[in-house]
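*Asks:* Got a sequence here, can you build the structure:
(one chain, ligands or ions: 1)
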Amino acid sequence: MNFEFYLPVEIIFGVGSASKVGQVGRRFGFRVLVVTGRKSSKENGALERVVSSLRKEGADEVFVFDQIGPNPTDKSVNLASELVVRERIDYIVGLGGGSSMDSAKAISIVSSNEGFAWDYVNYPEGPRLIPFLNRPVICIPTTAGTGSEVNRYSVLSNPIRKEKLVLSHSLNYPRVALIDPSLTLSMDERLTAITGLDALMHALESLTNRLSNPFAEELAVRAIRLIRDYLPLAIQEPENLRARTYMSYAAMLSGIAIDRKRVALIHGMEHPVSAHYPQIAHGEGLSALCVAITEFNYRGNPEKYALFAELMGYPPEPHMAVKALDDFLRRVGMRVSLKELGVEREKLERMAEDVYMLARGLFAVNPVEPTMEDLYRLYERAYEGY
Ligand SMILES: [Fe+2]
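*Replies:* Here you go, the predicted model:
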């Protein structure tokens, strides 16, 4: 058995851990920027909790940048980076879902090096600039799905180019992840479902893709079992702290699993969807695509798809992975088509081209290497809701 593993993130997990942010932050300096979304962290009280802990123990000056929207843009990262430089910020706290945490990490890179956010994203031929420095980042997730609190990825959108690409670098790890499951209690049913399904897709794709890493697969296996049991429960009983805790834990496990083992075609094909339709959430796009792509993929790694089926409670046969996914999506109310999400048929070809141009680095990692025709056909099936 061979594998490599590296994770320079201190993890502090548990109910109440968000209130430790001041205590943790003070080792990084005196001036802090909290990066968060426009609404939810204010409405559910998370922002107030974090800011008061920082004021009490962690910093002399606390700044808040609350302009992060869903599918966060390079522009908001550039804006916040200017603020970081202007105010001589020592460390950054990312509070929220994937958007806020991905942005906080990218702001750390952009504010500490030359250039702009889009210089650091991964085109197939690589990023335009390589970072040399960063600032400490503390991530505090308020959803259970993205796993951004424990990995090196920031996914950013460029609305002018209509591209969604990943910044991935070892300087992009947060220094600390404060994972407090009680912050996820206020998520509504749909947000719980779509973020939880994002975690499931991280686990499924890292388990089944062609990279080999037995340790990462172990994490994915555990995450799949937990999500199978606890995502439906968290949706039915939003106040169930045990279900919320296991979902936060599963999201963390699968966030670590993809750090080494990466994702695959479901993510590769989702990015053009939310790049062209920013109102579509990442987890919604994944839900619309995953059944068709799993149908296409399972023959490429029969053993792992049989394992996935078994973990989901089905007979251990590769093709049962498709049914397992289909049934689970129905159970959590997310068996949707691209058409229902508002995608236009005439855009499918452009999106297939985008995958081909921007995500072809994933093709060799995917269980089955797709052609341009495969991509278009898969978008068509997902459009119709197959
Ligand atoms: Fe994802």
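
*Asks:* Could you list every helix and strand in contact with the helix or strand hosting residue 227?
*Replies:* Using DSSP states H and E, residue 227 sits within helix 214-236. The helices and strands touching helix 214-236, judged by 3 or more C-beta pairs under 8 Å, 6 or more residues apart in numbering; DSSP states H and E, are helix 189-208, helix 241-261, helix 302-311. Any C-beta I mention is one placed from the backbone N, CA and C, and that applies to glycine too.

*Asks:* now the angle between helix 241-261 and that helix, please.
*Replies:* Going by axes from the mean of the first three to the mean of the last three C-alpha atoms, to 10 degrees, helix 214-236 is angled at 150 degrees with respect to helix 241-261.

*Asks:* quick one: helix 214-236 to helix 189-208, angle?
*Replies:* Between helix 214-236 and helix 189-208, the angle comes out at 160 degrees (the same axes, to 10 degrees).

*Asks:* Now helix 214-236: buried residues?
*Replies:* In terms of neighbour count (16 or more other C-beta atoms under 10 Å), helix 214-236 has its buried residues at 216-217, 219-228, 230-232, 234-235.

*Asks:* Taking helix 302-311 as reference, get the angle to that helix.
*Replies:* Using the same axes, to 10 degrees, helix 214-236 lies at 30 degrees relative to helix 302-311.

*Asks:* do you know which of the helices and strands packed on helix 214-236 lies nearest residue 75?
*Replies:* Between residue 75 and the helices and strands packed on helix 214-236, the tightest spacing by C-beta to C-beta is seen for helix 189-208, at 23.5 Å.

*Asks:* Just the CA trace of that closest one, in PDB.
*Replies:* Output in PDB follows, covering the C-alpha atoms of helix 189-208 (Å, rounded to 0.1, in the frame of the first residue of the first chain):
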ATOM      1  CA  GLU A 189     -34.300  22.200   4.300                       C
ATOM      2  CA  ARG A 190     -33.100  23.000   0.900                       C
ATOM      3  CA  LEU A 191     -29.800  24.400   1.900                       C
ATOM      4  CA  THR A 192     -29.200  21.400   4.200                       C
ATOM      5  CA  ALA A 193     -29.900  19.100   1.200                       C
ATOM      6  CA  ILE A 194     -27.800  20.900  -1.400                       C
ATOM      7  CA  THR A 195     -24.800  21.400   0.800                       C
ATOM      8  CA  GLY A 196     -25.000  17.800   2.200                       C
ATOM      9  CA  LEU A 197     -25.200  16.500  -1.400                       C
ATOM     10  CA  ASP A 198     -22.000  18.500  -2.200                       C
ATOM     11  CA  ALA A 199     -20.300  16.500   0.600                       C
ATOM     12  CA  LEU A 200     -21.700  13.300  -0.800                       C
ATOM     13  CA  MET A 201     -20.300  14.200  -4.300                       C
ATOM     14  CA  HIS A 202     -16.900  14.900  -2.800                       C
ATOM     15  CA  ALA A 203     -16.900  11.500  -1.200                       C
ATOM     16  CA  LEU A 204     -18.300   9.700  -4.300                       C
ATOM     17  CA  GLU A 205     -15.900  11.300  -6.700                       C
ATOM     18  CA  SER A 206     -12.800  10.900  -4.500                       C
ATOM     19  CA  LEU A 207     -13.700   7.300  -3.800                       C
ATOM     20  CA  THR A 208     -14.200   6.400  -7.500                       C
END
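
*Asks:* pLDDT on that helix, on average?
*Replies:* Across helix 189-208, pLDDT averages out at 98.

*Asks:* and what of stretch 250-268?
*Replies:* On average, stretch 250-268 scores 97.

*Asks:* Could you export it as PDB, CA atoms only?
*Replies:* Provided in PDB are the C-alpha atoms of stretch 250-268 (Å, rounded to 0.1, in the frame of the first residue of the first chain):
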ATOM      1  CA  ALA A 250     -18.900  14.000   7.200                       C
ATOM      2  CA  ALA A 251     -18.400  17.300   5.200                       C
ATOM      3  CA  MET A 252     -15.000  17.600   6.900                       C
ATOM      4  CA  LEU A 253     -14.000  14.000   6.100                       C
ATOM      5  CA  SER A 254     -14.900  14.400   2.400                       C
ATOM      6  CA  GLY A 255     -13.300  17.800   2.200                       C
ATOM      7  CA  ILE A 256     -10.100  16.200   3.300                       C
ATOM      8  CA  ALA A 257     -10.600  13.200   0.900                       C
ATOM      9  CA  ILE A 258     -10.700  15.500  -2.100                       C
ATOM     10  CA  ASP A 259      -7.700  17.500  -1.100                       C
ATOM     11  CA  ARG A 260      -5.500  14.600  -2.100                       C
ATOM     12  CA  LYS A 261      -7.700  12.600  -4.400                       C
ATOM     13  CA  ARG A 262      -9.500  15.500  -6.200                       C
ATOM     14  CA  VAL A 263     -13.000  15.400  -7.600                       C
ATOM     15  CA  ALA A 264     -14.000  14.200 -11.100                       C
ATOM     16  CA  LEU A 265     -16.400  14.900 -13.900                       C
ATOM     17  CA  ILE A 266     -19.500  15.700 -11.800                       C
ATOM     18  CA  HIS A 267     -17.700  18.700 -10.500                       C
ATOM     19  CA  GLY A 268     -16.000  19.400 -13.800                       C
END
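
*Asks:* Show me the shaky parts of this protein.
*Replies:* For the chain, no stretch has pLDDT under 70.

*Asks:* In contact with the residue nearest the centre of it, which residues?
*Replies:* Centroid-nearest residue in the chain, with C-alpha atoms, centre = their mean: residue 146, separated by 3.0 Å. Residues in contact with residue 146 (C-beta atoms under 8 Å, 6 or more residues apart in numbering) are 97-98, 101-102, 195, 198-199, 251, 255, 282.

*Asks:* Let's see that with 6 Å instead.
*Replies:* 98, 198 (C-beta atoms under 6 Å, 6 or more residues apart in numbering).

*Asks:* quick one: it and residue 115, what's the gap?
*Replies:* 25 Å (C-beta to C-beta, to the nearest Å).

*Asks:* what's the answer for residue 141, then?
*Replies:* From residue 141 to residue 115 the distance is 28 Å (C-beta to C-beta).

*Asks:* And residue 377, by the same measure?
*Replies:* 38 Å.
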